[in-house]
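Visitor: got a predicted model here, sequence first, then my questions.
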Amino acid sequence: MRTLAVDGGAPAFDTEKTKVLWPAPTDAETAALQRVLDSGVWTRSRDANWSEGEAGQFEREFGAYLGCNHVTAVTNGTVAIELALSALGVEPGDEVIVPASTFFATVSPVVRMRAIPVFADIDPLTYTVSPDSIAERVTDRTVGVLVVHLSGVPVNLDAVVSVCARDSLFLVEDCAQAAGSQWRGRQVGTVGDVGTFSFHHEKQLTCGEGGAVATDDARLAGRMYAFHHGFWMPGAPEQECHEISTNARLTPFQAAILRARLPRLDDEIDRRQRNVALLRELLGPAVVPVRPPAETTRWSVYSVPLRLDHEHAEGLSRDRLVRALRAEGVSAHEGHLDPVYRRPMFRDNPIQYRNDGCPAAEHAADRTGFVISQRMFLGPDTWMYRLAELIEELVTSGRCHAEE
């Protein structure tokens, strides 16, 4: 009988082999960086034309990929949300509905603008925000909704758009974990008023750090440009006036890496989808991968959310299972399910927010939910067989069922 890694045995997966699968640079990135070095233009502010440098070309290429008229590349996904909220006119005291389960940086821009985040509960079947919960949170102070396609799983956009239309609310899509996901054939980030993206190291499209805002509204595009860059340049989006701006420009080096990686994004999405589908077939009833809504035409996997079904778990707790998987070299973790209002940022600061109760989010965070990171699903299909066998072993063996 094999000794489990959590008990001192050899892990089932070699973490060095999983690490090299991401970000996995190729000669294309090396050539792209050399091109920028040789150009002598190391900042976008030195481009002769805003739309023609590395960042400008990436904006056009990513916009074509999304099917979106206006894309502005920025420093990171958090700043992208701040720019979207600023352009949409959010003011102190305004209420913005946000999901309880997300990375805290979804909510911190709302707080920094002195608006009031209002937490909506999640759908326990998808771990994304519940449209019904959003509808219940709307008041006469609500100005907009900020949804998150968590783990790349699209939110039920039909239902959310209906709520926003009914109450004349703006809709921002946080696509930090969802570049390439599609809802009814449309890229996420193009359904609402603004889509925001992150190109952080772990994201499906990465340059280490970076982000973007996308919209079909020329006025919003001009306002987001004005808030992210202090002066107009030839080739830039038209702006109504100068704004009190920050410097949120993406560098040519980052843009060049993104341009090198964008052409292979769809192939990597397909590899992850195939492996997730295989794992779903192989797993027993104790550990169940979430299933995106039926209207999802493509799931760009950032991580695979799973639910521990205690009825079939034979006494195994979620926390013990995650610890055992991590010891075996599997990149399992909580996946930003813990509600933001329970995080240190909210506990340690006098932040004004509204929480009318999010029991589904708290239950998933405390007892049932976890994720496995995307790089695991870029490996060979043999890894899926090994992973399914490992989970079955941990559930049924009784050897990692010790009391917490």
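Guide: Ah, there it is. Numbers count the residues shown, from 1 in each chain.
Visitor: C-alpha from now on. contacts and neighbour counts both.
Guide: Noted.
Visitor: pLDDT weak spots in the stretch 251-400 of the chain?
Guide: Scanning the stretch 251-400 of the chain for pLDDT under 70 picks out 398-400.
Visitor: tell me where it has helices.
Guide: 252-261, 265-282, 318-327, 344-347, 359-363, 381-396 (DSSP state H, counting those that start in this stretch).
Visitor: now do the buried residues in the longest one.
Guide: In other words, helix 265-282. By 16 or more other CA atoms under 10 Å, the buried positions in helix 265-282 come out as L265, E268, I269, D270, R271, R272, Q273, N275, V276, L279, R280, L282.
Visitor: what is it packed up against?
Guide: helix 381-396 (3 or more CA pairs under 8 Å, 6 or more residues apart in numbering; DSSP states H and E).
Visitor: any buried residues in the helix it packs on, and which?
Guide: In helix 381-396, counting by 16+ other CA under 10 Å, buried: D381, W383, M384, Y385, L387, A388, L390, I391, E392, L394, V395, T396.
Visitor: run through who's touching that helix.
Guide: 12, 275, 278-279, 282-284, 286-287, 313-314, 316, 321, 324-325, 377, 400 (CA atoms under 8 Å, 6 or more residues apart in numbering).
Visitor: then that helix to CSV, C-alphas only?
Guide: Output of helix 381-396 as CSV, limited to C-alpha atoms (Å, rounded to 0.1, in the frame of the first residue of the first chain):
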residue,chain,number,x,y,z
ASP,A,381,-4.2,13.2,-20.5
THR,A,382,-2.4,10.6,-18.4
TRP,A,383,-2.3,13.2,-15.6
MET,A,384,-6.1,13.2,-15.5
TYR,A,385,-6.2,9.5,-15.0
ARG,A,386,-3.6,9.8,-12.2
LEU,A,387,-5.5,12.7,-10.6
ALA,A,388,-8.8,10.9,-10.6
GLU,A,389,-7.2,7.8,-9.1
LEU,A,390,-5.5,9.9,-6.5
ILE,A,391,-8.8,11.6,-5.5
GLU,A,392,-10.6,8.2,-5.3
GLU,A,393,-7.7,6.9,-3.1
LEU,A,394,-7.9,9.8,-0.8
VAL,A,395,-11.7,9.5,-0.4
THR,A,396,-12.0,5.8,0.0
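Visitor: now that helix: how far from the chain's centre is it?
Guide: Helix 381-396 sits 26 Å away from the centroid of its parent chain (CA atoms, centre = their mean, to the nearest Å).
Visitor: what about the spatially most central residue of the chain, distance to V147?
Guide: Taking CA atoms, centre = their mean, the centroid of the chain lies closest to Q177, which sits 2.0 Å from it. Distance, Q177 to V147, by CA to CA, to the nearest Å: 12 Å.
Visitor: so what's G144 up against?
Guide: E95, V96, I97, C164, L169, F170, L171, V172.
Visitor: okay, and it sits in which element?
Guide: If you go by DSSP states H and E, G144 is part of strand 142-148.
Visitor: paired strands for that strand, with orientation please.
Guide: According to DSSP bridges, strand 142-148 has the following sheet partners: strand 95-99 (parallel), strand 170-174 (parallel).
Visitor: switch these over to a markdown table; also include mean pLDDT, mean neighbour count and distance to N247.
Guide: Listed next are these as a markdown table, based on pLDDT from 0 to 100; neighbours: other CA atoms under 10 Å; distance: least, CA to CA, whole Å:
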| stretch | mean pLDDT | mean neighbour count | distance to N247 |
| --- | --- | --- | --- |
| strand 95-99 | 98 | 27 | 25 |
| strand 170-174 | 99 | 25 | 21 |
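Visitor: could I get the ones you listed as TSV with distance to A120?
Guide: Shown next, in TSV, are these (distance: least, CA to CA, whole Å):
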stretch	distance to A120
strand 95-99	5
strand 170-174	14
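Visitor: and the ones you listed: which comes nearest G335?
Guide: Smallest distance to G335 across the strands paired with strand 142-148 (CA to CA): 13.8 Å, for strand 95-99.
Visitor: this protein - how does it break down into domains?
Guide: 5-24+265-396, 27-264 (automatic domain parsing).
Visitor: right, I'll leave it there.
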